[in-house]
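Chemist: have a look; sequence and predicted model below, questions after that.
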Amino acid sequence: MRNCDNDILQMVYDVILDRKRNPSEKSYTAALMHKGIDKILKKIGEEATEVVIAAKGGKREEIIYETSDLFFHLLVLLGYCDIPPEEIFAELRRRFGMSGIEEKNSRPASV
């Protein structure tokens, strides 16, 4: 990923953190944060389903729009959990060039 590609994700994440620290009644993000993890997870599930439906429909614009919604809600989750996007980018860099089987085997055993 080129640096400018993840800059927008970082910029959106920074706004999400600002809404978390300085909530406003007019902020959708602040409302999600206030409603908590269950509401955020519900939105991620809804958005993921909408991506699937858009992809099944095959309309490029809808896929882009719905994927953007999903990315946004994933960033809200990361902000809620205080996980900066850079940690996700680092994990993707770690996995790059590794087979899926090799990557799965490199994970610590589940408790």
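Modeler: That came through, no problem.
Chemist: so where's the chain uncertain?
Modeler: Residues of the chain meeting the criterion pLDDT under 70: 1-6, 103, 107, 110-111.
Chemist: could you pull out the helices for it?
Modeler: Counting by DSSP state H, one finds helices in the chain at the ranges 3-21, 28-35, 37-57, 60-80, 85-95, 100-106.
Chemist: switch those helices over to TSV; also include mean neighbour count.
Modeler: Using the backbone N, CA and C atoms, a C-beta is placed for each residue, glycine as well. Shown next, in TSV, are these (neighbours: other CB atoms under 10 Å):
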stretch	mean neighbour count
helix 3-21	14
helix 28-35	16
helix 37-57	14
helix 60-80	17
helix 85-95	12
helix 100-106	10
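Chemist: okay, stretch 94-111 in PDB with CA atoms only?
Modeler: What follows is stretch 94-111, C-alpha atoms only, in PDB (Å, rounded to 0.1, in the frame of the first residue of the first chain):
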ATOM      1  CA  ARG A  94       4.300  -9.200   8.700                       C
ATOM      2  CA  ARG A  95       2.000 -11.500   6.700                       C
ATOM      3  CA  PHE A  96       3.000 -10.200   3.300                       C
ATOM      4  CA  GLY A  97       4.500 -12.900   1.100                       C
ATOM      5  CA  MET A  98       3.500 -15.700   3.500                       C
ATOM      6  CA  SER A  99       1.100 -18.400   2.500                       C
ATOM      7  CA  GLY A 100      -2.200 -18.500   4.300                       C
ATOM      8  CA  ILE A 101      -1.400 -21.800   5.900                       C
ATOM      9  CA  GLU A 102       2.000 -20.600   7.000                       C
ATOM     10  CA  GLU A 103       0.500 -17.500   8.500                       C
ATOM     11  CA  LYS A 104      -2.200 -19.400  10.400                       C
ATOM     12  CA  ASN A 105       0.500 -21.800  11.800                       C
ATOM     13  CA  SER A 106       2.500 -18.800  13.000                       C
ATOM     14  CA  ARG A 107      -0.200 -17.500  15.300                       C
ATOM     15  CA  PRO A 108       0.000 -18.300  19.000                       C
ATOM     16  CA  ALA A 109      -2.300 -21.200  20.100                       C
ATOM     17  CA  SER A 110      -5.700 -20.100  21.300                       C
ATOM     18  CA  VAL A 111      -6.400 -20.400  25.000                       C
END
